[in-house]
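1. Got a predicted model here, sequence first, then my questions.
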Amino acid sequence: MIDDSITNVVAIVLTALFLGLVNSFQFAQTQLPPDALPQFRLPIAPSGTTGDAGPLVKPGTIITGALAPLQNWVARLGREHPLVGRIWSTDRQEGVLPTEVVRAAADADMVLIGETHDNPDHHKLQAWLIRELARKGKHPAVVMEMIPSDKADALASYQIASGASADGMATTLGWDSSGWPAWSLYRPIAEAALGANFTVYPGDPSKTQVQQVSQGGLGVLSYGERVRLGLGVPFAAALNTALTAEIKTAHCNQLTDTDAAQMTSVQRYKDAVLADNLLKAADKSGGGAILIAGGGHIRNDRGVPYYLHTRASGLKVVSILLNEVATGVENPEDAVPRDPSGKPAADYVWFTARSERGDMCLDLQKQLQDKSTGAG
């Protein structure tokens, strides 16, 4: 006769295995699109919160590091949205796992990761992708939109010095006075890059260069420079109209036509310079480059990929858009950015929770009023 204690142990082990499978299935449901898994009901574990972050992977889940890039969401809004955590391949029109994104990135010459600047989860995912590429033996450069070109020498000297750290990099860059969100949000990216021995490079033009283009348009650049950057030929009318409309919408439709036209020129210039700095960084690294930039810059139709393909048509470029979920948008196809013809403007859309923000339109309206009255 089998001892009762042995029977109890076997029962406990079998129960644990079953619960592990249940939790793994539930995690897969959060990562894959509807209908990607067999449709049968499982017990739903109650959700909870841990400090300031709700759980992304439920306790007991059997999962590998490659499948669980984040253990918890930091952003508070939309955590229960059905798309949160899922990744949509716009080419295959289906959900994929994070390992698929890593494989695509490892096979590319240029990896463009678009963010919402103040979303901490986006920066953690960017850092995770950097570490995963390092684990695969890749050695790309990391180009950051947030670093202007006139910081290149100081940044290079700092990284050569022994004992370089993420916080030391922030001091070298004068981050606190840069106007970008707090360094604590971007620190994971710098830590991942330094930890993998990837060199970080500036992406943006200097503020002086941006101001010159803002005031005088692309014509302030020499003809040779415009051609070199891929700015020698105007956008197709539909692309230019779409870009201008997006800029107006992003500024709550409070821009004048003149201001919108200036910002359209600046956007094109910045995209072209980001592409130029990516090409230079990739040449130095010998292993391609990663771009960390706002979501609009990584658009395939009119962002950095447009200029990369204009200058080097054979490059393999993959664009990954980290996209905050929107209330009422539950079909991933409805959240994919598209060009004027309806073609997807990103290769992968990775859905995340949403950061809390004030009324950005009211803030912008006040800024414009202060500008017009000379206040502030």
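-> Thanks, I have the structure now.
2. for the stretch 151-300 of the chain, what spans make up the strands?
-> Listed in chain order, the strands of the stretch 151-300 of the chain (DSSP state E, counting those that start in this stretch) span 200-204, 289-294.
3. Just list what the shortest one packs against, helices and strands only.
-> Strand 200-204 is packed against strand 141-148, helix 152-160, helix 183-195, helix 257-285, strand 289-294, with contacts defined by 3 or more C-beta pairs under 8 Å, 6 or more residues apart in numbering; DSSP states H and E. C-betas here are computed from N, CA, C, even on glycine.
4. run the last query once more with 7 Å
-> strand 141-148, helix 152-160, helix 257-285 (3 or more C-beta pairs under 7 Å, 6 or more residues apart in numbering; DSSP states H and E).
5. Can you pull the domain assignment for this protein?
-> The chain breaks down by automatic domain parsing into domains covering 4-55, 75-373.
6. Could you single out the most deeply buried of the ones you listed?
-> Counting by mean count of other C-beta atoms under 10 Å, domain 75-373 has the highest mean neighbour count of those, with a mean of 18.
7. average model confidence for that one?
-> Mean pLDDT, computed over domain 75-373, is 95.
8. let's have the chain start at 55 instead
-> Sure, I'll start counting at 55 from here, so that last one is domain 129-427.
9. secondary structure element for G168?
-> Assigned by DSSP states H and E, G168 belongs to strand 164-169.
10. Report the distance from that strand to the chain centre.
-> 6 Å (C-alpha atoms, centre = their mean, to the nearest Å).
11. for the closest residue to P391 other than its chain neighbours, what are its contacts?
-> Excluding its sequence neighbours, the residue lying closest to P391 (C-beta to C-beta, 6 or more residues apart in numbering) is A399, at 4.2 Å. Contact analysis of A399 by C-beta atoms under 7 Å, 6 or more residues apart in numbering lists R353, N354, D355, P391, R392, D393.
12. Relative to P386, how far out is A399?
-> A399 sits 14 Å away from P386, going by C-beta to C-beta, to the nearest Å.
13. Also W142?
-> Distance from W142 to P386, by C-beta to C-beta: 4 Å.
14. can you check A224 too?
-> Taking C-beta to C-beta, one finds A224 at 35 Å from P386.
15. again, but for G149
-> In terms of C-beta to C-beta, G149 sits 7 Å off from P386.
16. In this structure C415 contacts N307, no?
-> No. Look at C415 against N307 with C-beta atoms under 7 Å: they stay out of range, at 8.8 Å.
17. Check which helices and strands the strand holding G168 is in contact with.
-> By 3+ C-beta pairs under 7 Å, 6+ apart, strand 164-169 packs against helix 174-189, strand 343-348, helix 358-365, strand 371-378.
18. hmm, who's touching that strand?
-> In contact with strand 164-169 (C-beta under 7 Å, 6+ apart) are residues 159, 176-177, 180, 183, 194, 332, 336, 342-349, 351-352, 358-359, 362, 369, 371-376.
19. Let's see that with 8 Å instead.
-> Contacts with strand 164-169, where a contact means C-beta atoms under 8 Å, 6 or more residues apart in numbering, come from 159, 176-177, 179-180, 183, 187, 194, 332, 336, 342-353, 357-359, 362, 369-376, 400.
20. do the same with stretch 318-331
-> In contact with stretch 318-331 (C-beta under 8 Å, 6+ apart) are residues 197, 199, 203, 255-259, 263-264, 267-268, 271-272, 275, 282-285, 289, 294, 297-298, 301, 345, 347, 350-351, 356-358, 360-362, 365.
21. And for stretch 278-291?
-> 272, 275, 277, 294, 297, 322-323, 326-327, 329-330, 356, 360-361, 364-365.
22. Straight-line length of it, end to end?
-> 23 Å (C-alpha to C-alpha, to the nearest Å).
23. residues touching V155, list them.
-> I141, L183, I374, Y402, W404.
24. Pretty sure the last one sits against W182.
-> No. With contact defined as C-beta atoms under 8 Å, W404 does not count as touching W182 (10.7 Å).
25. Once you drop chain neighbours, what's closest to R411?
-> Using C-beta to C-beta, 6+ apart, the nearest residue to R411 is D172, at 7.2 Å.
26. Next, give phi and psi for that neighbour.
-> Torsion angles at D172 (phi, psi; degrees, to the nearest 10) stand at phi -100, psi 20.
27. which residues does it contact?
-> P235, L239, S409, R411.
28. Now that we have those, can you turn them into JSON lines and tack on distance to A314?
-> Shown next, in JSON lines, are the contacts of D172 (distance: C-beta to C-beta, whole Å):
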{"residue": "P235", "distance to A314": "25"}
{"residue": "L239", "distance to A314": "29"}
{"residue": "S409", "distance to A314": "26"}
{"residue": "R411", "distance to A314": "23"}
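29. just those residues now: which is nearest T312?
-> Compare each of the contacts of D172 with T312 using C-beta to C-beta and the shortest gap goes to R411, at 27.8 Å.
30. Next up, the contacts around N251.
-> N251 sits in contact with H193, where contact means C-beta under 8 Å, 6+ apart.
31. gap between it and G222?
-> In terms of C-beta to C-beta, N251 sits 16 Å off from G222.
32. what do you get for A292?
-> Distance from A292 to G222, by C-beta to C-beta: 46 Å.
33. Adding distance to P123, write the domains of the chain out as TSV.
-> Written out in TSV, the entries for the domains of the chain read as follows (distance: least, C-beta to C-beta, whole Å):
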stretch	distance to P123
domain 58-109	10
domain 129-427	4
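34. Three-state assignment for V156, please.
-> helix (DSSP: H, G, I helix; E, B strand; the rest coil).
35. wait, it sits on I184?
-> No. Between V156 and I184 there is no contact under C-beta under 8 Å: 10.7 Å.
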